[in-house]
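Asks: Sequence and predicted structure, then a few things I'm wondering about:
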Number of protein chains: 2
Amino acid sequence: MPKAELLDPQGQAVQSAMGRLGFSGVVSVRQGKRFEIEVEGQITEERRIELEHLAETLLANPVIENHTLTIE
Amino acid sequence: MPKAELLDPQGQAVQSAMGRLGFSGVVSVRQGKRFEIEVEGQITEERRIELEHLAETLLANPVIENHTLTIE
């Protein structure tokens, strides 16, 4: 997701559109990306660290985005 | 998220890149969008239905995307 201190023009456009469509009371909308990654075998602690590293370097831009890794 | 039966070229590019970066055993990667919407007051059942409708019409393209609405 874009960091809170940065403008998010896509989110702002969605927020305006929600208002125009009659849905009021929206405080903020942020638009980001979501990746669903299916991996063979068990996610060991080592694999989790590798995935976290990939999320930081390949999937997210840490200058402007925060990321969260969730394992299911 | 893009529907399972559709090609997802962005996800495939990420999957290839993960392999090149030495992370093997990836079965699939799908890339989609995530919206974080902050709303004033409590989410009543009526508001939840309105949000679900907006998700279907404004935020997702139901021809090619599935969506999930999570309330926190």
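Replies: That came through fine.
Asks: From residue A:6, how far off is residue A:61?
Replies: 11 Å (Cβ to Cβ, to the nearest Å). Where C-beta positions appear, they are placed from N, C-alpha and C, glycine not excepted.
Asks: how would you label residue A:36: helix, strand or coil?
Replies: With DSSP: H, G, I helix; E, B strand; the rest coil as the basis, residue A:36 sits in strand.
Asks: That one: what's its closest spatial neighbour, skipping adjacent residues?
Replies: Among residues not flanking residue A:36 along the chain, residue B:30 sits closest, at 4.6 Å (Cβ to Cβ, 6 or more residues apart in numbering or on different chains).
Asks: Contacts for whichever strand or helix holds that neighbour, please.
Replies: Using DSSP states H and E, residue B:30 maps to strand B:26-39. With Cβ atoms under 8 Å, 6 or more residues apart in numbering or on different chains as the test, strand B:26-39 has contacts from A:1, A:11, A:14, A:18, A:25-40, B:1-2, B:4, B:8, B:10-12, B:14-15, B:18-19, B:47, B:51, B:55, B:59-60, B:65.
Asks: Thanks again, I'm all set now.
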